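Student: Mind looking at a prediction? Sequence and model below.
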Amino acid sequence: MPLPALSSAVHVSRRLAGVALLALSLGTASAALGHGDVTPQEVDTKGLPDLGEAPLMENPFRPGNQHADLYDEAVAVGERGYAGNCAVCHGIQAMSGGLTPDLRNLEEWDDEFYLQRVINGTERGMPSFKSNLDQTAIWAIKTYIESVTP
Ligand code: HEC
């Protein structure tokens with residue numbers, strides 16, 4: 001089946017090109033590290049409960065879930081956390097420029113996947129945030145992303 005094989009090869013090479021471009025722009029970004037704009041930022045989660053270490057399966061701040069009453073606070077905390085840690089790669093207001101996944105495409109059932117990605121990162125350009133974001137901050141950021149998802 002030459003056609004599907006070809007199209008998937010094209011897909012892979014476009015993806016690689018994107019990663020190469022990203023690596024280039026990251027090179028520039030790390031040159032700017034001295035200015036402090038891409039250094040992982042601690043996030044002040046005051047006003048939100050400490051969600052502890054045991055991984056939750058779902059965003060607890062989403063309407064209908066356990067801490068839905070704190071939705072607005074979570075969006076505010078998440079907006080700061082997103083701006084300081086994610087926007088540089090995933091775009092302002094989570095609008096991806098195309099080189100990184102558009103986080104607005106994540107669905108509710110991707111919650112577990114989202115948490116693992118942010119904690120562990122990947123070998124293809126997604127850093128691990130284990131050392132500077134706790135679970136409260138990570139779900140607050142998710143809540144912010146959901147708030148800007150059309
Ligand atoms: C240095 C650039 C960079 C930063 C900073 C960054 N990411 Fe990523 N992220 C990536 C790249 C590149 C991928 C794709 C990785 C892959 O496919 O292996 C990715 C993938 C993801 C994914 C998986 C999405 C999917 O559909 O596969 C999630 C979730 C994610 N990032 C969330 C975040 C959050 C939340 C933050 C901020 C706390 C963040 N990222 C910060 C580069 C970054």
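Tutor: Alright, I've got the coordinates.
Student: Where does pLDDT dip in the chain?
Tutor: 1-38 (pLDDT under 70).
Student: What residues does the closest residue to residue 86 other than its chain neighbours make contact with?
Tutor: For residue 86, ignoring the flanking residues on the chain, the nearest one in space by C-beta to C-beta, 6 or more residues apart in numbering is residue 141 at 6.7 Å. For glycine as for every other residue, the C-beta is placed from the backbone atoms N, C-alpha and C. Going by C-beta atoms under 8 Å, 6 or more residues apart in numbering, residue 141 touches 43, 78, 81, 82, 85, 86, 118, 133.
Student: Quick check, residue 50 in contact with residue 67.
Tutor: No: between residue 50 and residue 67 there is no contact under C-beta atoms under 8 Å: 11.4 Å.
Student: neighbour count winner among the two?
Tutor: Neighbour count, other C-beta atoms under 10 Å: between residue 50 and residue 67, residue 67 has more, with 18 against 9.
Student: Nearest spatial neighbour of that one, chain-adjacent residues omitted?
Tutor: residue 60 (4.5 Å).
Student: how far away is the residue minimising distance to the centre of the chain from residue 80?
Tutor: Central residue of the chain (C-alpha atoms, centre = their mean): residue 86, 5.7 Å from the mean position. Distance, residue 86 to residue 80, by C-beta to C-beta, to the nearest Å: 11 Å.
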